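1. Here is a sequence together with a model predicted from it:
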Amino acid sequence: MRMIVLAAALAMAGSLALPASAQKKGPLAPPMSASSAAMTPAAPPPVCPVLSFSVNNRTNSAKVNVLFNVTNQGPGTASNMRLTGITCTNGFVYSPMPGLLALPFTIPTVPTLGAGATVAGFNGFFSRTGGPLSGAFSCTIASTNGPQNGCAASKVVLIP
């Protein structure tokens, strides 16, 4: 159907003549066929690995110190892993020790993490105003990874 419409349009255009005053002088460009205007397909978006966070251990002192594991659940290799936000429940807040891992930060243990691999990723410090540090709480950890940190996600982690 498209070829019939195109052929009809070309035939109609060929039958029209411009007045002599509107005609261009000099050589004309060769006609373009429909197939010569092919478009190059765009590159597919990057495959985003899924990062998972879990508690390796927890100690309480002046603050709650949690060593988090980081697991790449695939499908590809994670790189440039950055934490961009941590929000918690039960009055706990992320409060790093001075000079350590202020948000946002790159996970310091490994620059890349293959699919299925787990590392002890980072220490997180948490405080709670006006309450004991012994209670359980959960945190939502927002992260990015990949080229230009184009893969963003968030995960909830229970801290017992």
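-> That came through, no problem. Keep in mind it's a predicted model, so treat the numbers as computed, not measured.
2. Tell me the bridge partners for the most centrally placed residue in the chain.
-> Closest residue to the average C-alpha location of the chain: residue 151 at 1.5 Å, with C-alpha atoms, centre = their mean. For residue 151, the beta-bridge partners under DSSP bridges are residue 145.
3. Okay, now the unreliable bits of this protein?
-> For the chain, applying pLDDT under 70 flags the ranges 1-37, 45-46.
4. can you pull out the strands in it?
-> 51-60, 64-72, 78-79, 82-88, 92-94, 105-106, 112-113, 118-128, 137-145, 151-159 (DSSP state E).
5. Pairing partners for the second one, with directions?
-> Sheet partners assigned to strand 64-72 using DSSP bridges are listed as strand 51-60 (antiparallel), strand 118-128 (antiparallel).
6. As TSV, the ones you listed with distance to residue 146 would be great.
-> No exception for glycine: its C-beta is placed from N, CA and C like everyone else's. Shown next, in TSV, are the strands paired with strand 64-72 (distance: least, C-beta to C-beta, whole Å):
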stretch	distance to residue 146
strand 51-60	10
strand 118-128	17
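7. wait, which of those is closest to residue 147?
-> Proximity to residue 147 (C-beta to C-beta) singles out strand 51-60 among the strands paired with strand 64-72, at 15.2 Å.
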